[in-house]
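Peer 1: Sequence first, predicted coordinates after that:
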Amino acid sequence: MQFLKTLFWFLLALIVAVFSIGNWTTVPIRLWAGLIAEVNLPLLLVLTFLAGLFPVLLYHHAVKWRLGQKLSTAERAITDLRGAVAAHAQPAAEPPEAMTIPPAAVPTAVPPGVA
């Protein structure tokens, strides 16, 4: 599996490198007050990718952290409840042997028509 991950990242880097070499042109970006910034196209694409990835990545980590907090709170509550139930549970009382019914005293049902 590690080989496939390495192969995937290598092919992705190769595709990015070939794209960068093939599209190494400058793109004029008009700023305020008549300023013009000339940026290479691959750099502009990487910056826009990171600008889109960063907020989503922050949101993902915040949700992951919050779910971890909820899980640890629930685990603590379960541990506390298990301890409380174990402390209050009383052992079941053994029935006295004098109260048991001997097998001969149990009534049996005979179907009708059978003698």
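Peer 2: Yep, that arrived.
Peer 1: Select the longest helix from the chain.
Peer 2: Criterion DSSP state H: the longest helix present in the chain is helix 41-88.
Peer 1: And that helix, what does it pack against?
Peer 2: Secondary-structure packing of helix 41-88 (3 or more C-beta pairs under 8 Å, 6 or more residues apart in numbering; DSSP states H and E): helix 2-22, strand 26-30. Glycine gets a C-beta too; all of them are placed from N, C-alpha and C.
Peer 1: May I ask you to confirm that residue 37 belongs to a helix?
Peer 2: No: under DSSP: H, G, I helix; E, B strand; the rest coil, residue 37 sits outside any helix and is assigned strand.
Peer 1: Find the residue at the geometric middle of the protein.
Peer 2: residue 64 (7.5 Å; C-alpha atoms, centre = their mean).
Peer 1: need the contact list for that residue.
Peer 2: Listed by C-beta atoms under 8 Å, 6 or more residues apart in numbering, the contact set of residue 64 is empty.
Peer 1: Where does the prediction get shaky in this structure?
Peer 2: Scanning the chain for pLDDT under 70 picks out 89-107, 115.
Peer 1: Next, the angle from the longest helix of the chain to helix 2-22.
Peer 2: Relative orientation of helix 41-88 and helix 2-22, computed by axes from the mean of the first three to the mean of the last three C-alpha atoms, to 10 degrees: 150 degrees.
Peer 1: Tell me which of the helices and strands packed on helix 41-88 lies nearest to residue 69.
Peer 2: Comparison of the helices and strands packed on helix 41-88 against residue 69 by C-beta to C-beta identifies helix 2-22 as nearest, at 30.4 Å.
Peer 1: what's in contact with that closest one?
Peer 2: residue 42.
Peer 1: Tell me what angle that helix forms with strand 36-40.
Peer 2: If you take the same axes, to 10 degrees, helix 2-22 sits at 130 degrees to strand 36-40.
Peer 1: Can you give the distance from helix 2-22 to the centre of its chain?
Peer 2: Relative to the centre of its chain, helix 2-22 is centred 28 Å away, using C-alpha atoms, centre = their mean, to the nearest Å.
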